[in-house]
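> Model the structure of this input:
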Amino acid sequence: MKYKKTLLAGISLIGSITAFSTVAADNEIPVIQVKADKIIDATTSILNSGNSFSADGGEFLLQTPGVSGVKMGNHGIDPVIRGQKHNQLNILLDGAYVHGGCPNRMDPPSAYASAEIYDQVTVLKGVQTLIYGAGGSGGTVLFERSIPKFEDGETVNTKVGAGYRSNGNAWDIFADVAAGSKEGYARASATTKKVGTYKDGDGKDVRSGYSEQSLITSLGGKSDGGLKYRFDIDAVRGTDILYAGANMDSPQADNDTYKLSIESEKLAMFETVKAEIYRSDVTHDMDNYSYRTSTMWMRVPSKSITDGIRLNADMVLAKGDLTLGVDYKKGDRDATRYGGAAGTIPTNSNAFMWPGVETDQTGLFAEYLGNFGKGNSYTAGMRLDKVNTNATKAALAADSGAIANNLYNMYYGVSASKKTENNVSALYRMEHDLNKNNMLFWGVSRTVRTADETERYLAAGSTTASNRWVGNPDLKPEVHAQLDVGLNFKGKNTTSSVSVYYDNVSDYILRDRAHGQAGINQTDNATIYRNVAAVLYGIDYEASYKWSDNWRSNFSAAYVHSQNTTDDRVIAQTPPLEGTASLEYFNNDWLVGVDVRLVDEQTRVEGDITTDSGLDAGPSKSFGVLNLYGSIKLGKKGNLKAGIDNVLDKTYAEHLNKPSAFDTSVVRVNEAGRSVWTRVSVKF
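Next up, the predicted model:
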C-alpha cells in the first residue's frame, strides 16, 4: 500500500480543522481548557529526556517530526534534517563541537550524547541563527545541561532512573546528583547501557549491540561581583559496538570533552559577556575480526581532536538586542588503516585514510533581534568565516598501498596543499502577527559550509577500483541560498504550524562514483567527491487537536525533494514522505496513548555504482508502525513510563541506510519487531 495520498489527505484534513478553528476563534466560541498542551512549531522542537528507551542522542532525535537518521545498527544513528546531514547540521553537546573519529561516521556527534543526562535538547530546522557556527544549512541541534536550582534550605538535588527494552535485552541505569547552593554547585551525572542483538518482525536476529558508560562532572558558581563560572568534564566509553550494516565493528569509541565558561553581567556597554573554551578528544577503533570471522584482518584506529573558543557579547541597541561574537574551531584528524593475514593483529599500514588532516576555522558574527510596529519582530545576522586546511601526511608512504597524493592525482589531477577559504553567511528572518492567534514567518539566508575531512582528504586505496574511496582536495565550499515561509495557527481547540522551504545550492558537495564526469579522470566506479548544482525543497507540518479536557491528538508530516541539477539526477539518501498521528487520554496523574507512523515508498534512488552513486539499496517499500505508550506519576517526584513499540510486529526497514565504501552489496538493516519498554525515574 502506498501512503502518499493518505498522508496528503491527512494534511488537507488537518488544515481544514485548523481553518475551521481559526474562524471559530473570530466568532468567540467558548475556550476549551486542556492541560499539558504541546507547543507546536514546525521549525523548532524542544525535547526532554526520558520519553522512551533511546540508544544514543541520534535515536533520541528520531522522535522529532521531520528528523530522520542514517543507520547501520542501533548505535551511531546519524541525524538527517530536511534531507541534510553531516556538517550541513550544527550539533553541539552543551556548547562544544564533538567530531567523531570514524571516517565512515560510525560515531557521529550525537553518538556521544546520552540523552538521559541532558536537561533539554533543542532542534532548530533550517537556518534560524548564525551564532552557533558556520554551515548549519539543514539545522542546528543543541544538547544542553542547565545549572541546578536549589530552593531555600536545599543543598542536594538527586535524580535516578532506569530503563529496559525487551527486544535486544537492552537496559540502562542513570543517576544525576547536584550539591550546593545559589552561590555554587557540584554536579555529577552517570549512565551505563547495555544493548544486545535484536529481532526483526520475522524473528530474525539483527546483529547489533553495544555497551556504553558516561560520566559528566560539573563545577560552577559565581563571585561577589556577579562573575559566573563553570567547568565541565564529559567522559564517554563505548565498547563492543556491532554494526549490521557494515563489514567492520568498533571495539572502542571514547570521548573526553573539557569545557570552561565564564560569564559577566553589566560589563561596559554590554548586558552580558560570555567566554567559552573546550576540547573534545575522540579515540575510535574499528576492525573486522574482533567480533566476526574474516579471511583477511583489517583495523583502523583513529583520533579526532577538536579545540574551540567562543566569545559572545550581548547589548541593548535601539528596540532590540545585538549579539556580537567570535568563534574559533581547530580540528586534528588522523586515521590509519592496517591489514594482514587472519590470526595476527595487523601492524602493516596500507593507507593514511585521514592523512594528518588539520582544519582551523575563525568566525566573526553579529546578530540583531529587533521589532518594529505592532506584532513585528525580526532577526538579522551575518558571519564571516576564514577556513585553513591541510593534510600533513598526504605525501607520505604507508608500509604498502597508494600514497594519498597519488590517489588525488589519479582521480582529480591535483595534490593536497594548504587551502584557505573566506566565506560569508547572512540571515534575515521575520515574524508578523496576523492577529492574536496567527503568525506568519519567513526567512532568507545564505550559508556556506566547507568540505569536511572525509570529503576533502579521505585516501582509502584498494587493488579493486570500486573499493577505493578518495576525497577531493579541490572541492569548493557549499553555498546554500534558502527561503523559508510558514504559518503558525492557534484556535480554540487546534494549534498547527506549517513551514515550506526552498534551498538552491551552488557547489553542492556530492558523494559519487567515478564515471568520467567533468573534473574526474577515471571511469572505474571508485567513490569520489565533486561539486554540482542542487535544489532541495519540502514541507514540515505539525498540529495538535483538543477533543476535550482529557483527549488530544498530535499530527505531523514531512517531505523533502532533492535534485542534482547539474546531471539531472536525484540525490541519494533522501528520506521519503512520512507522517504521524496520535490519540492520547490524560489527566493530572497519568496518560495513555497510541500513535501510528506512516512512511511512503521512496522510488527516487541511486542504486547502481556503474551509472550513479550507488548509495541507495534500491527503492524502499512503504510501511506503517503502531505504538502504544503511557505514563503515571509515582508520588510527587516519581514517574513511570511504559510502551509497546511496533505492536503488530511489522517487518520493515528505513529507506536511509549506512553505505559501506568497502562493501558494494549495500543492504538495508531491518528495524526491530515488537518490543516492550519501560522507564522509571525518581527525584529526591
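> in the stretch 551-684 of the chain, which ranges drop under the pLDDT threshold?
Within the stretch 551-684 of the chain, the set of residues satisfying pLDDT under 70 comprises 658-667.
> can you give me the strands for it?
551-564, 569-570, 578-586, 590-599, 623-634, 638-645, 675-683 (DSSP state E, counting those that start in this stretch).
> Tell me which of these approaches residue 284 most closely.
strand 675-683 (28.5 Å; Cβ to Cβ). Bear in mind the C-beta positions are built from the backbone N, C-alpha and C, glycine included.
> The closest one pairs with which strands, and in what direction?
Paired neighbours of strand 675-683 in the sheet (DSSP bridges): strand 156-165 (antiparallel), strand 638-645 (antiparallel).
> can you give me the angle the last one makes with strand 623-634?
Translated: strand 638-645. 160 degrees (axes from the mean of the first three to the mean of the last three Cα atoms, to 10 degrees).
> And for the first one?
Orientation of strand 156-165 against strand 623-634 (the same axes, to 10 degrees) gives an angle of 140 degrees.
> Could you pick out the longest strand of this structure?
Identified as the longest strand of the chain according to DSSP state E is strand 348-371.
> Now that strand: average pLDDT?
Here strand 348-371 scores 97 as its mean pLDDT.
> Show the subsequent helix or strand relative to that strand.
Remark: after strand 348-371, the chain's next helix or strand is strand 376-391, criterion DSSP states H and E.
> now the longest strand of the chain: how far from the chain's centre is it?
Chain-centre distance of strand 348-371: 17 Å, with Cα atoms, centre = their mean, to the nearest Å.
> quick revisit: and the strands of the stretch 551-684 of the chain, which is most packed in?
Ranked by mean neighbour count, the strands of the stretch 551-684 of the chain are led by strand 551-564 with a mean of 21 (mean count of other Cβ atoms under 10 Å).
> Paired strands for that one, with orientation please.
Using DSSP bridges, strand 551-564 pairs in its sheet with strand 527-546 (antiparallel), strand 569-570 (antiparallel), strand 578-586 (antiparallel).
> and it, how far from the chain's centre?
Using Cα atoms, centre = their mean, the offset of strand 551-564 from its chain centre is 17 Å.
> can you give me the helices for this structure?
Taking DSSP state H, the helices of the chain run over residues 4-26, 57-61, 404-412, 453-457.
> related to what we said a few turns ago, extract the CA atoms of the longest strand of the chain and return them as PDB.
The C-alpha trace of strand 348-371 is given here as PDB (Å, rounded to 0.1, in the frame of the first residue of the first chain):
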ATOM      1  CA  ASN A 348      51.300  -3.200   8.300                       C
ATOM      2  CA  SER A 349      49.900   0.200   7.400                       C
ATOM      3  CA  ASN A 350      48.300   0.300   3.900                       C
ATOM      4  CA  ALA A 351      46.500   3.700   3.900                       C
ATOM      5  CA  PHE A 352      46.500   7.000   5.700                       C
ATOM      6  CA  MET A 353      42.800   7.300   5.500                       C
ATOM      7  CA  TRP A 354      42.800  10.700   7.200                       C
ATOM      8  CA  PRO A 355      46.400  11.700   6.400                       C
ATOM      9  CA  GLY A 356      47.000  14.000   9.300                       C
ATOM     10  CA  VAL A 357      44.300  16.500   8.500                       C
ATOM     11  CA  GLU A 358      44.300  19.900  10.100                       C
ATOM     12  CA  THR A 359      41.400  22.300   9.800                       C
ATOM     13  CA  ASP A 360      41.000  25.600  11.600                       C
ATOM     14  CA  GLN A 361      38.100  28.000  11.200                       C
ATOM     15  CA  THR A 362      37.700  31.500  12.600                       C
ATOM     16  CA  GLY A 363      34.300  33.200  12.500                       C
ATOM     17  CA  LEU A 364      33.100  36.700  13.300                       C
ATOM     18  CA  PHE A 365      29.300  37.200  13.700                       C
ATOM     19  CA  ALA A 366      26.700  39.800  14.500                       C
ATOM     20  CA  GLU A 367      23.000  39.100  15.000                       C
ATOM     21  CA  TYR A 368      20.300  41.500  15.900                       C
ATOM     22  CA  LEU A 369      16.900  40.700  17.300                       C
ATOM     23  CA  GLY A 370      14.500  43.600  16.900                       C
ATOM     24  CA  ASN A 371      11.000  44.700  16.400                       C
END
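> how big is the angle separating that strand from strand 376-391?
Relative orientation of strand 348-371 versus strand 376-391 (the same axes, to 10 degrees): 160 degrees.
> what angle do strand 348-371 and helix 404-412 make?
70 degrees.
> quick one on the thing from earlier: to residue 84, which of the strands paired with strand 551-564 lies closest?
Taking Cβ to Cβ, strand 527-546 is the member of the strands paired with strand 551-564 nearest to residue 84, at 7.3 Å.
> average pLDDT for stretch 141-157?
For stretch 141-157, mean pLDDT is 90.
> Can we start the residue count at 43 from this point?
New numbering, starting at 43: the last item is stretch 183-199.
> In the longest strand of the chain, which residues are buried?
For strand 390-413, the neighbour count (16 or more other Cβ atoms under 10 Å) marks 391-401, 403-405, 407, 409-411 as buried.
> what number of residues lie near residue 265?
Residue 265 has 11 neighbouring residues, counting by other Cβ atoms under 10 Å.
> State the distance from it to residue 220.
20 Å (Cβ to Cβ, to the nearest Å).
> Likewise for residue 183?
Noted for residue 183: a distance of 25 Å to residue 220, by Cβ to Cβ.
> Comparing these two, which residue is more hemmed in?
It is residue 183, of residue 183 and residue 220, that has more neighbours when counted by other Cβ under 10 Å, with 29 against 20.
> Tell me the bridge partners for residue 462.
Beta-bridge partners of residue 462, counted by DSSP bridges, are residue 430.
> Was I right to think it contacts residue 427?
No - contact criterion Cβ atoms under 8 Å: residue 462 and residue 427 do not qualify, at 11.1 Å.
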